[in-house]
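A.B. asks: how does the following fold in three dimensions:
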Amino acid sequence: MARDQSDPTPIEDRAELVAWFEKGLKPASEFRLGTEHEKFGFYTHDHAPVPFAGPRGIRAILEGLQTRIGWEAIMDGEAIIGLSDPMGGGAISLEPGGQFELSGAPVETLHETRSELAQHMDAVNSVAAPLGIGFLGLGHSPTWTRAETPVMPKQRYAIMANYMPKVGSRGLDMMFRTCTVQVNLDFATEADMVKKLRVSLALQPVATALFANSPFTEGKPNGFKSIRSEIWRDTDNNRSGMIPFAFESGMGFERYVDYALDVPMYFVKRGDTYHDVAGASFRDLLRGKLPQLPGERATISDWANHLSTLFPEVRLKRYLEMRGADMGLSDMVVGLPAFWTGLLYDQGVLDEAWELVKDWTDAERQQLRDAAPRLALAAPFRGGSVHDIAREAVALSRKGLARRARLDAAGQDETIHVAALEEIVATGRTRADDLLALYETAWDRSVDPVFAANLL
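C.D. replies: Predicted coordinates:
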């Protein structure tokens with residue numbers, strides 16, 4: 001998660017909250033894609049997690065990167081907690097357990113995404129490798145207990161960590177032991193947003209299955225293909241899930257505003273201080289009647305920050321965020337934005353994708369969401385399986401990417417970036433299946449080899 005917003009412009013009423021979303025509208029010619037991914041740092045000699053402080057800690061990596069790439073420090077009090085490209089090209093930030101995140105720049109093509117990822121990992125590894133640190137591309141830390149996992153010095157995370165156990169059983173696991181890859185995509189009109197939101201919500205469990213890559217917890221198989229996705233089923237159901245209202249008549253920006261207003265707040269940021277208002281209502285802040293901060297009125301930054309604490313399977317901001325996938329190796333990191341770009345950025349393919357999912361019921365969508373973490377492609381659906389839907393969805397994505405006809409320097413179009421997904425569909429084997437097979441055979445029922453096998 002990148003830098004929190006600091007726009008002090010006051011908000012007077014609900015209409016301004018709706019208008020905030022409308023500012024995200026842009027013509028298709030200006031559509032971009034922005035990829036975010038998180039990864040676990042670990043010491044290569046013993047596979048222990050990397051703490052924040054110390055000469056071989058997360059802070060040292062951030063300071064080394066700042067020197068190498070020249071980005072500006074993001075501070076939380078006296079602690080450096082991230083870096084920001086002063087030219088607007090992206091940001092590096094820390095998740096609660098030290099997961100190292102790149103929030104990539106908005107780019108035009110998947111080829112640029114591939115280059116951005118390669119340049120980022122080259123820079124990170126050039127600083128981290130001499131410290132004996134590597135980075136792991138999995139959806140859940142495979143061996144560490146929560147007690148062993150470091151805690152980053154960020155005020156907002158302390159507030160969240162205090163609140164999470166009050167609203168779900170898995171919130172702290174989500175914060176400290178999971179990693180995801182996501183893509184942010186644009187919309188042209190409110191109606192375009194609604195169609196893209198509905199298609200991507202319906203297919204999000206299919207993405208969860210395709211990208212399943214977290215079968216281990218504390219040194220043994222956990223019974224799931226994506227324990228990361230399972231954890232989200234009991235993190236905080238007031239702010240996560242499949243948001244079935246998105247499929248109701250009248251869905252639009254106003255309806256999402258009402259949903260967001262009903263989600264309890266975590267914090268209000270004033271200056272450099274995060275005020276703990278966990279459980280409070282944004283409606284009270286809008287009226288200047290928040291009990292914890294009497295007289296304070298809502299600002300643009302309060303709204304943007306609040307929206308960043310909503311965690312549905314697809315999140316609406318001034319773009320749409322696809323949130324259903326485990327972190328993986330580089331081919332899957334680029335494969336995630338490729339999958340969704342192909343489905344959502346060609347109008348004809350978007351229409352076909354809607355035809356595929358439009359008659360699914362709320363109950364069926366929830367059934368898919370509940371089954372995908374454990375069964376992945378084998379999850380049953382309408383007499384078939386998620387594997388059947390995934391085959392269709394990947395084929396549609398390939399069609400959309402081919403129609404975009406964006407070529408790299410070698411003359412290849414963007415369909416090369418769904419090759420890993422096509423292999424998964426062809427074999428019916430997810431990366432989690434492959435890891436579990438290695439665990440039972442070549443790894444002699446040890447999880448330790450996963451660190452070398454999934455080194456970024």
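A.B. asks: switch to C-alpha atoms for all contacts and neighbour counts from now on
C.D. replies: Noted.
A.B. asks: low-confidence regions, this protein specifically.
C.D. replies: The model of the chain has pLDDT under 70 over residues 1-6.
A.B. asks: biggest helix in it by residues?
C.D. replies: For the chain, the longest helix by residue count, based on DSSP state H, is helix 190-210.
A.B. asks: and for the next helix-or-strand element following that one, what are the contacting residues?
C.D. replies: Proceeding N to C from helix 190-210, the next assigned helix or strand is strand 216-217, under DSSP states H and E. For strand 216-217, contacts defined as Cα atoms under 8 Å, 6 or more residues apart in numbering pick out His140, Ser141, Pro142, Thr143, Trp144, Asn222, Ile227, Val447.
A.B. asks: same question, stretch 120-135
C.D. replies: Identification of contacts with stretch 120-135 by Cα under 8 Å, 6+ apart yields 39-45, 50, 56, 61, 64-65, 68-69, 102, 455-456.
A.B. asks: repeat that for stretch 51-62.
C.D. replies: With contact meaning Cα under 8 Å, 6+ apart, stretch 51-62 is reached by 50, 80-83, 98, 124, 127-128, 131-132, 150-153.
A.B. asks: how long is it from one end to the other?
C.D. replies: Length of stretch 51-62, first residue to last, Cα to Cα, to the nearest Å: 12 Å.
A.B. asks: how far does it sit from its chain's centre?
C.D. replies: Centre-to-centre, stretch 51-62 and its host chain are 24 Å apart (Cα atoms, centre = their mean, to the nearest Å).
A.B. asks: repeat for stretch 380-394
C.D. replies: Distance of stretch 380-394 from the chain centroid (Cα atoms, centre = their mean) equals 23 Å.
A.B. asks: cool, and stretch 55-71?
C.D. replies: Using Cα atoms, centre = their mean, the offset of stretch 55-71 from its chain centre is 24 Å.
A.B. asks: just stretch 424-444 next, same as before
C.D. replies: That offset, for stretch 424-444, works out to 24 Å (Cα atoms, centre = their mean).
A.B. asks: filter the contacts of strand 216-217 down to the buried ones, PyMOL style.
C.D. replies: Buried subset of these, written as a PyMOL selection, criterion 16 or more other Cα atoms under 10 Å:
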select buried, resi 140+141+142+143+144+227+447
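A.B. asks: quick check: the farthest pair among the contacts of strand 216-217?
C.D. replies: Comparing all pairs in the contacts of strand 216-217 by Cα to Cα, the longest separation belongs to Ile227 and Val447, at 15.3 Å.
A.B. asks: show me which residues of stretch 110-120 are buried.
C.D. replies: Neighbour counts over stretch 110-120 (16+ other Cα under 10 Å) mark Leu110, His111, Glu112, Thr113, Arg114, Glu116, Leu117, His120 as buried.
A.B. asks: now Trp354: closest residue in space, sequence neighbours ignored.
C.D. replies: What sits nearest to Trp354 in space, not counting adjacent residues and going by Cα to Cα, 6 or more residues apart in numbering, is Val199, at 5.7 Å.
A.B. asks: what about the one you found, neighbour count?
C.D. replies: Residues contacting Val199 under the criterion other Cα atoms under 10 Å number 22.
A.B. asks: my guess is it contacts Glu355. True?
C.D. replies: No - Val199 is beyond contact range of Glu355, at 9.2 Å (criterion: Cα atoms under 8 Å).
A.B. asks: which of the contacts of strand 216-217 fall in helices?
C.D. replies: Using DSSP H, the members of these that fall within helices are Ile227.
A.B. asks: in strands only, show me the contacts of strand 216-217.
C.D. replies: Mapping the contacts of strand 216-217 onto strands (DSSP state E) picks out no residues; all lie outside.
A.B. asks: quick check, nearest of the contacts of strand 216-217 to Ala191?
C.D. replies: Ala191 lies nearest to Ile227 out of the contacts of strand 216-217, by Cα to Cα, at 34.0 Å.
A.B. asks: distance check, that closest one against Asp370.
C.D. replies: For Ile227, the distance to Asp370 - Cα to Cα - is 12 Å.
A.B. asks: again with Ser330
C.D. replies: 27 Å.
A.B. asks: got it, and Lys399?
C.D. replies: Distance, Lys399 to Asp370, by Cα to Cα: 29 Å.
A.B. asks: likewise Phe100?
C.D. replies: From Phe100 across to Asp370, the span is 28 Å (Cα to Cα).
A.B. asks: burial measure for the residue nearest to Ser84 when sequence neighbours are not counted, as a count.
C.D. replies: Of all residues not flanking Ser84 in the chain, Ala91 sits nearest, at 4.3 Å (Cα to Cα, 6+ apart). The number of residues packed around Ala91, counting by other Cα under 10 Å, is 23.
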